[in-house]
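1. sequence plus predicted model, see below.
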Amino acid sequence: MSIAIITGASSGIGEEFARRIDSYGLESIWIIARRKDRLEGLASQLKTPTRIFSIDLTDRSQLNSFISVIDEEKPPIQYLINCAGFGKFGMTWELSQETTRSMIDLNVTALVSVTSACVPYMQDGGHIIELDSLSAYIPMYDLNVYASTKAFVKHFCTGLRKELEPRKISVTEVSPGWVRTDFIDISVSENKVPQRVFRSTVSKEDVVDKALKAAVRGKARSICGFKNRATASLATHFPNFGANTWKGFFR
């Protein structure tokens, strides 16, 4: 038997992954996020035995405690799905030092730490899914720190994939564009981000469905939507074009 570990499972894409994985017949699903009430609500709706870890992954002591549980129990991991992360609009120098550190701690440090802790207990032929973003391909005006953390995840996945080839563990980077969540409404109302920035969106259901299919097939990446795939391709070959096009939304 085997388990799945899902970070950022209290809402959005992480929650949707847990709901989909619930039908896979695993021994257990471990769900990780800060909001205990949301995790408990999700667990009550899942058929698979579910273990809740209500922790803040930006807190080093809490992160280390979770890693200690993994090392002590040595669970047979079939799926590791890292969805925990957050982004905030703002010029690089305008973001508070605390916000910048938290973004890097969650999007980069926690992701690498959890992945590194889980790999020794991954089953051969298992699957790692790392959530980055379409912004991993585009240097982004007013969203630079977030986009840079996601570019790290993209690079990290490429290297990890090579390291795990002998064990046939797939590493799939999931790069959604804008997903229809509360983040969009908050960005428009509180951060004064132009609505046209979010004119092309995808659903979390479609993102997760495509990502799981890609992981099972051993695909390196999953980008939901033709327009998003085209954007990633263009930005890869013409990074300044992508950066300038994005900046144009704010004029």
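-> The structure has been received and is ready for your questions. Residues are numbered from 1 along each chain as shown.
2. for the helix or strand that contains Ile5, which strands pair with it and how are they oriented?
-> Here Ile5 sits within strand 3-7, counting by DSSP states H and E. Here strand 3-7 is paired, per DSSP bridges, with strand 28-33 (parallel), strand 77-82 (parallel).
3. okay, buried residues for it please.
-> Ile3, Ala4, Ile5, Ile6, Thr7 (16 or more other C-beta atoms under 10 Å). All C-beta spots, glycine's among them, are computed from the backbone N, C-alpha and C.
4. pull the contacting residues for the first one.
-> Taking C-beta atoms under 8 Å, 6 or more residues apart in numbering as the definition of contact, the neighbours of Ile3 are Leu26, Glu27, Ser28, Ile29, Trp30, Pro75, Pro76, Ile77, Gln78, Tyr79.
5. mind checking how far the residue most central in space within the chain is from Thr7?
-> Using C-alpha atoms, centre = their mean, the residue of the chain that lies closest to the mean C-alpha position is Leu131, 2.5 Å off. Computed as C-beta to C-beta, to the nearest Å, the Leu131 to Thr7 distance reads 9 Å.
6. give me the common contacts of the two.
-> Counting by C-beta under 8 Å, 6+ apart, the residues touching both Leu131 and Thr7 are Gly14, Ile81, Asn82, Cys83.
7. what about the second one, how many neighbours?
-> Okay, so that is Ile81. Around Ile81 there are 30 other residues, counting by other C-beta atoms under 10 Å.
8. right, and Thr58 touches Ala110 too?
-> Yes - taking contacts as C-beta atoms under 8 Å, Thr58 lies within contact range of Ala110: 6.6 Å.
9. so which of those two has more stuff around it?
-> Remark: of Thr58 and Ala110, Ala110 carries more neighbours, 26 against 19, as counted by other C-beta under 10 Å.
10. so where's the stretch 1-150 of the chain uncertain?
-> The model of the stretch 1-150 of the chain has no residue with pLDDT under 70.
11. partner strands of the longest strand belonging to the chain, parallel or antiparallel?
-> Secondary structure of the chain per DSSP state E: the longest strand is strand 122-131. Partner strands for strand 122-131, per DSSP bridges, with pairing direction: strand 77-82 (parallel), strand 170-174 (parallel).
12. kindly reformat the ones you listed as a markdown table containing distance to Ala230.
-> Compiled in a markdown table, the strands paired with strand 122-131 are given as follows (distance: least, C-beta to C-beta, whole Å):
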| stretch | distance to Ala230 |
| --- | --- |
| strand 77-82 | 26 |
| strand 170-174 | 17 |
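13. highest neighbour count among the shared contacts of Leu131 and Thr7?
-> Greatest neighbour count in the shared contacts of Leu131 and Thr7, by other C-beta under 10 Å, goes to Ile81: 30 neighbours.
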